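K.L.:
Provide a 3D model corresponding to the input given below.
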Amino acid sequence: MDRLRSIRHAGVFALAFLAALAVGSSLLEWAAEAQSAPAYRNIPLWPRPFTDDSWVLGSVTGVATDSQNHVWVLHRGDESLEANERGMIPQPGATGQPSSSVCCMAAPYVLEYDANGLLVSSWGGRSVGYQWPTVSGGITVDAKGNVWIAATGAEPAAGGRGRGAAAAAPAESDLPTGAGALPAAAAARGAAAAAGRGAAAAPTPADAHILKFARNGRYLLTIGTPGKMDGPDSQATLNRPSAIAIDDSTNEVFVADMGNRRVVVFDADKGTYKRHWFAYGEKTAGAAPGRYDPAEPAAKSFRDITCIEIARDGMVYVCDKSSNRIQVFDKSGKFIKEAFIAKNTLGGVLQGSFGTINAAGAVWDVALSSDAQQRYLFVADGMNKKVRVLLRDNLSEVGSIGSGGRYPGQFLVVNSVAVDSQGNLYTGETHHGKRVQKFVPGK
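P.N.:
The predicted structure follows:
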């Protein structure tokens, strides 16, 4: 009897042990899953080809999504095309005849796609009412459907960043192709022809502003003044702004003011100044840091802010691109924390076929995941050719998406990343990449 009781007790213990082991195993699996990155797969044939087969995409400078899960793409247009892509663009000083009747010309600067990759609208280009960017930066869409564009300007030569040197006059190839752009294009071609006959063309003021449009391209507002840069404490001017984030709850626009190495906030309707801050939440500008060295202490000032993003909980994420770091603030500018990403990444400022290229650093753009807690932060790492996945609470890296290359799912120079409400991920590639890709959750 005692022996039978012992056997029963042993059996109960064994069952309890196995149950505990199963629960423990499940907890371990859950913990491992909790620390892993979400899986994504590429959609190879997104977006759909242009219906006008002479159109090509230039260097993409910004990608954004809106409340309809439409995807907005901003690119540099004709000016960023390779020499062998410009066959349909009239030659400067010529009679208007293109060098080829086959290919190519740039698509309009602003492209709106639906979630299936169908182009539903396009616009953008020069106007007498505002100055279109000489070189565009980021794009974002607010809750009302208004489209915001950063006029970032040409990258200064190495050592000249942030000093606001005037940009060169736009080339003939930088002509608008969007709806409503023909009068401006004709005027610009006329100016180019006059310049070819010996008349001096007026220089275009350097980019130092952001633009607000209705979703159909109707102009609404300019903040900042092209060509006017009054320094990092200015309440009225900007200096090569690179990115924009909208706080719809307070109707404020947050600007990554790269040339002034600061974040500055304005009223989104009136364009009036609200506040600004520098790295670590400082209220006064520090000295411009030198070239990044991973062995040196962290710079007290930003080097080049290339992104800004606001989470639902009010945290503001700022990319300091060539410093390989993300700094986090509250909306008042109070510094919360920072993290270094791929700290040993270097790179440099190079002279490319269509201007100076800043290819330094690992933190080019960020986007927040679409879950309620926005648990993940996606980081576009153009230098290392991948999208890094971080846990937002501690900014630790838990995975990555993509690798270097030109095949679908790979990246050449990924500089833009955006997420829609369904969790789909969109990327844009600048410089010679000239591509937009879609990734969907799952393997």
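
K.L.:
Can you tell me the element Tyr426 falls in?
P.N.:
strand 425-429 (DSSP states H and E).

K.L.:
Tell me which other helices or strands that strand touches.
P.N.:
strand 60-65, strand 71-75, strand 414-419, strand 435-441 (3 or more CB pairs under 8 Å, 6 or more residues apart in numbering; DSSP states H and E). Glycine gets a C-beta too; all of them are placed from N, C-alpha and C.

K.L.:
Name the strands paired with whichever helix or strand comes after the shortest one and say parallel or antiparallel.
P.N.:
Just to be clear, that refers to strand 71-75. Where DSSP H and E defines the elements, the next helix or strand beyond strand 71-75 is strand 105-106. Take DSSP bridges as the rule and strand 105-106 pairs in its sheet with strand 55-56 (parallel).

K.L.:
so how far is the partner strand off the chain centroid?
P.N.:
21 Å (CA atoms, centre = their mean, to the nearest Å).

K.L.:
now what about that strand, what contacts it?
P.N.:
Under the contact criterion CB atoms under 8 Å, 6 or more residues apart in numbering, strand 55-56 has outside partners Leu81, Glu85, Cys103, Cys104, Met105, Ala106, Ala107, Thr177, Lys434.

K.L.:
What average pLDDT does the strand holding Tyr426 get?
P.N.:
Averaged over strand 425-429, pLDDT sits at 98.

K.L.:
thinking again about what came up before, can you say which of the helices and strands packed on strand 425-429 is nearest to Pro44?
P.N.:
strand 435-441 (8.7 Å; CB to CB).

K.L.:
what's the closest one packed up against?
P.N.:
strand 40-43, strand 60-65, strand 71-75, strand 425-429.

K.L.:
The second one packs against which elements?
P.N.:
Translated: strand 60-65. Judged by 3+ CB pairs under 8 Å, 6+ apart, strand 60-65 is in contact with strand 71-75, strand 136-141, strand 414-419, strand 425-429, strand 435-441.

K.L.:
can I get these in JSON lines with mean neighbour count and distance to Arg303?
P.N.:
Putting the helices and strands packed on strand 60-65 into JSON lines (neighbours: other CB atoms under 10 Å; distance: least, CB to CB, whole Å) gives the following:
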{"stretch": "strand 71-75", "mean neighbour count": "25", "distance to Arg303": "23"}
{"stretch": "strand 136-141", "mean neighbour count": "26", "distance to Arg303": "16"}
{"stretch": "strand 414-419", "mean neighbour count": "26", "distance to Arg303": "16"}
{"stretch": "strand 425-429", "mean neighbour count": "26", "distance to Arg303": "22"}
{"stretch": "strand 435-441", "mean neighbour count": "20", "distance to Arg303": "27"}
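
K.L.:
Redo these as a markdown table? Include distance to Arg392.
P.N.:
Below are the helices and strands packed on strand 60-65 laid out as a markdown table (distance: least, CB to CB, whole Å):
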| stretch | distance to Arg392 |
| --- | --- |
| strand 71-75 | 23 |
| strand 136-141 | 19 |
| strand 414-419 | 12 |
| strand 425-429 | 15 |
| strand 435-441 | 17 |
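
K.L.:
Minimum distance to Arg325: which of those strands has it?
P.N.:
Of all those, it is strand 414-419 that lies closest to Arg325, at 16.7 Å by CB to CB.

K.L.:
Could you identify which of the contacts of strand 55-56 has the most neighbours?
P.N.:
Ala106 (29 neighbours; other CB atoms under 10 Å).

K.L.:
separation between Gly77 and Ser67?
P.N.:
Shown here: Gly77 relative to Ser67, a distance of 27 Å by CB to CB, to the nearest Å.

K.L.:
what about the two, which has more around it?
P.N.:
Set side by side, Gly77 and Ser67 show more neighbours around Gly77, with 27 against 13, by other CB under 10 Å.

K.L.:
where's that one relative to Gly361, distance?
P.N.:
25 Å.

K.L.:
now Lys443
P.N.:
In terms of CB to CB, Lys443 sits 30 Å off from Gly361.

K.L.:
likewise Asn394?
P.N.:
Per CB to CB, Asn394 is found 21 Å from Gly361.

K.L.:
Gly217 too?
P.N.:
Gly217 sits 33 Å away from Gly361, going by CB to CB.
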